[in-house]
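1. Pasted the sequence and its predicted model underneath.
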Amino acid sequence: MSLSDEIMADMKQAMEDRDKIKLNTVRMIKSALMNEKIKLGHDLNADEELTVLNREKKQREESIEEFAKGKRDDLVDATKKELTVVESYMPKPLSKDELNKIVAETIQEVDAKGKSDFGKVMKALMPKIKGRADGKEASALVRNQLN
């Protein structure tokens, strides 16, 4: 089932369940995907869909952080629920061990010798872990393994 089909099915289910948060979140995702499709001028491939989902996820994570700083627990809770919905459409995240293994393999692939090869390693690594691991975490692992 394609992502758009899955979103439509979930939207119908959320309407039937009268789940406002899920319904609104799914509508926002659908809208973001449609806007990206219009912007690019073609149907989105899986990689482009994942980019949109990552953007939506990051927006919610940043919102949770800001709401927490402002002591708005009601908005933090609602946004966490939205984040859960967004994450349900994303691929399963990599475990710490899996990410370590992929980083080590990538370092060998590009024949990295030291810190000066950091950019080369990251360039090869990011497409492999896109949407499945945090870039900050990955860059920290690369730095540690290049030392």
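-> Sure, I can see it. Residues are numbered from 1 along each chain as shown.
2. In terms of secondary structure, what does the lengthiest helix in the chain contact?
-> Counting residues, the longest helix in the chain under DSSP state H turns out to be helix 46-69. When contacts are defined as 3 or more Cβ pairs under 8 Å, 6 or more residues apart in numbering; DSSP states H and E, helix 46-69 packs onto helix 20-40, helix 73-88. Using the backbone N, CA and C atoms, a C-beta is placed for each residue, glycine as well.
3. Turn the ones you listed into JSON lines, including mean neighbour count, mean pLDDT and distance to Ile102.
-> Output for the helices and strands packed on helix 46-69, formatted as JSON lines (neighbours: other Cβ atoms under 10 Å; pLDDT from 0 to 100; distance: least, Cβ to Cβ, whole Å):
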{"stretch": "helix 20-40", "mean neighbour count": "16", "mean pLDDT": "94", "distance to Ile102": "27"}
{"stretch": "helix 73-88", "mean neighbour count": "16", "mean pLDDT": "92", "distance to Ile102": "20"}
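4. Of all the ones you listed, which one is nearest Ala124?
-> Closest approach to Ala124 among the helices and strands packed on helix 46-69 (Cβ to Cβ): helix 20-40, 24.8 Å.
5. what's the helix or strand for Lys120?
-> Secondary structure assigned from DSSP states H and E places Lys120 in helix 118-129.
6. buried set for that helix?
-> For helix 118-129, the neighbour count (16 or more other Cβ atoms under 10 Å) marks 121-122, 125, 128-129 as buried.
7. between the residues you listed, which is nearest Glu49?
-> For those, the nearest to Glu49 is Ile129 (16.5 Å; Cβ to Cβ).
8. pretty sure that closest one is in contact with Glu137, am I right?
-> No: using Cβ atoms under 8 Å, Ile129 makes no contact with Glu137, being 9.3 Å away.
9. Now do the shared contacts for the two.
-> Jointly contacting Ile129 and Glu137 under the rule Cβ atoms under 8 Å, 6 or more residues apart in numbering are Leu99.
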